[in-house]
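Peer 1: Quick check, what structure comes out for this input:
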Amino acid sequence: MDTILEITKNELFGIFITGSMLILFILYIINIIKLSKMKKNYKEFMQKLGNGTSIEEILDKHIEKINKTITKNEELEKFCINLDAEMKNCIQKIGIYRYNAYQDTGSDLSFTLALLDEKNDGVVLNGIYSRDMSNIYAKPVENGKSSYKITEEESEAIKRAINSSEIIIKDK
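Peer 2: Numbers count the residues shown, from 1 in each chain. Model (predicted):
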């Protein structure tokens, strides 16, 4: 115990203790400055985040928005699936064939038009033009064939429609 008392009476010990206390005081001041900056940054962050509302409330609002978006996306997906199913029954293939039905008309004014869906079901229209009159005939088409007798021109229009999904206009 006497040695401890002697060390404390030493001049160097006093300087050491004073220096240590000075260093600790400086570190304390630095920590106070850092803490005040951190509080200031936190306060600014919270004000920007939601003008006084809590983070929990903001997260709840965002989760609600996300759930609404998910629901809308599911509805859109169902709508697109139904639309795809309906599109299969719409006219997707068109084939047209122009020809001269009568030698006295002078040009290819008659035509045959095939309008088919994805399954090659639809109708073939045959428009026959002559100087005296014009007639249009329609025949149903199922799976690329008609239950009625079809002409060579109608067969060509159906073939063109089946082989292409875009409008093709070719003359004889």
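
Peer 1: The longest helix belonging to the chain - what's its average pLDDT?
Peer 2: Once the chain is assigned using DSSP state H, the helix that runs over the most residues is helix 11-50. Over the span of helix 11-50, the pLDDT mean works out to 87.

Peer 1: And the next helix or strand past it?
Peer 2: Scanning forward in sequence from helix 11-50 by DSSP states H and E, the next helix or strand is helix 55-87.

Peer 1: picking that back up, determine the set of other helices and strands touching the longest helix of the chain.
Peer 2: Here helix 11-50 touches helix 55-87, going by 3 or more C-beta pairs under 8 Å, 6 or more residues apart in numbering; DSSP states H and E. From N, CA and C alone the C-beta is placed, and that goes for glycine too.

Peer 1: now the helix it packs on: mean pLDDT?
Peer 2: The average pLDDT within helix 55-87 is 91.

Peer 1: Return the distance of the next helix or strand after that helix from the chain's centre.
Peer 2: Tracing the chain C-terminally past helix 55-87 and defining elements by DSSP H and E, one meets strand 93-99 next. For strand 93-99, the distance between its averaged C-alpha position and the chain's averaged C-alpha position is 35 Å (C-alpha atoms, centre = their mean, to the nearest Å).

Peer 1: List the strands paired with the helix or strand that strand 93-99 is followed by, with their directions.
Peer 2: Along the chain past strand 93-99, the next helix or strand (assigned with DSSP H and E) turns out to be strand 110-116. Taking DSSP bridges as the criterion, strand 110-116 sits next to strand 93-99 (antiparallel), strand 122-129 (antiparallel) in its sheet.
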